[in-house]
Each structure stands twice: as structure tokens, then as C-alpha cells.
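[1] here you go, sequence then predicted model.
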Amino acid sequence: QVQPVESGGGVVQAGGSLRLSCASLSGRSFSSYVMGWFRQAPGKEREFVAAISASGGNSRYADSVQGRFTISRDNAKNTVYLQMYSLKPEDTAVYYCAAGRVLATTRGPYNYWGQGTQVTVSS
């Protein structure tokens with residue numbers, strides 16, 4: 001079982017950068033899970049941001065963040081990262097880390113979720 005815990009959120013100006021981290025409190029099987037990042041803005045549905053395969057060899061991105069965000073993982077540290085560049089006010093949301101078995105862009109296949117970390121981008 002994986003217990004994701006996010007960190008690294010905060011307030012940043014438009015055009016700035018931020019790196020989110022997601023560590024698993026239970027590390028035994030972390031390296032066998034696909035890890036994904038989702039976000040939810042006020043009044044909106046939770047949406048897919050990025051996902052990375054268990055080995056780290058494959059990744060997927062939402063069109064809205066392609067070229068600006070990079071997902072990576074360090075299985076030795078049981079941690080997945082989301083590096084965000086060129087942030088825009090519309091990136092403001094609570095960002096959630098999730099673990100699953102399929103490299104999916106929808107919420108359903110992800111079984112384990114963190115509590116989220118707030119990212120606010122000011123204009």
C-alpha cells in the first residue's frame with residue numbers, strides 16, 4: 001500500500017517556478033506504482049496534470065501543462081516530483097498526488113490519494 005504525502009506548495013508570481021514533492025510513507029511497493037498528479041481549482045472538477053510509469057520511463061501530460069511541467073520520480077527515495085515552470089494564474093489549484101497501477105489520465109485507476117497541497121499563482 002502507498003500513502004502519498006504532498007509538499008512544496010506555496011504562493012508564486014506568474015512566470016515563476018515551483019517544485020512539488022510527493023513522498024510515500026509506506027515505501028515497500030512504491031516502485032511498482034504508477035504515480036500521477038491531479039489538481040482541483042475552486043468550483044471545478046479535479047483534473048489530470050501528469051503521470052509517470054513505475055519505472056519512470058514513460059510519462060503523460062495534460063495539454064495545458066505540456067512543455068511547462070515535468071514529472072519525475074526517485075524510487076530510491078520513494079518520491080515523485082512535479083517541476084512547474086512558467087506558472088500562470090490559471091494553474092492555481094490544490095495539487096494532489098495519487099498512486100495506481102495503470103498509466104492513466106483519468107481519476108478512476110488511481111487508488112491512493114494524498115491530502116493535497118495548495119499552489120497559488122498571483123498575477
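    That came through, no problem. Residues are numbered from 1 along each chain as shown.

[2] and the closest residue to residue 59 other than its chain neighbours, how many neighbours?
    In space, and not counting its chain neighbours, residue 59 is closest to residue 52: 4.6 Å by C-beta to C-beta, 6 or more residues apart in numbering. Backbone N, C-alpha and C define where each C-beta goes, glycine included. Neighbour count of residue 52, defined by other C-beta atoms under 10 Å: 24.

[3] what sits against residue 52?
    34, 35, 36, 58, 59, 71, 72, 73, 80, 103 (C-beta atoms under 8 Å, 6 or more residues apart in numbering).

[4] weed out the non-buried ones from these.
    By neighbour count, with 16 or more other C-beta atoms under 10 Å, these hold 34, 35, 36, 59, 71, 73, 80, 103 as buried.

[5] so what's the residue nearest to residue 59 bridging to?
    Counting by DSSP bridges, residue 52 forms beta bridges with residue 35, residue 59.

[6] surely residue 116 touches residue 96?
    Yes: Residue 116 lies in contact with residue 96 (C-beta atoms under 8 Å); the separation is 4.7 Å.

[7] now residue 81: closest residue in space, sequence neighbours ignored.
    That would be residue 72: by C-beta to C-beta, 6+ apart, it lies 5.0 Å from residue 81.

[8] could you report the distance from that neighbour to residue 94?
    21 Å (C-beta to C-beta, to the nearest Å).
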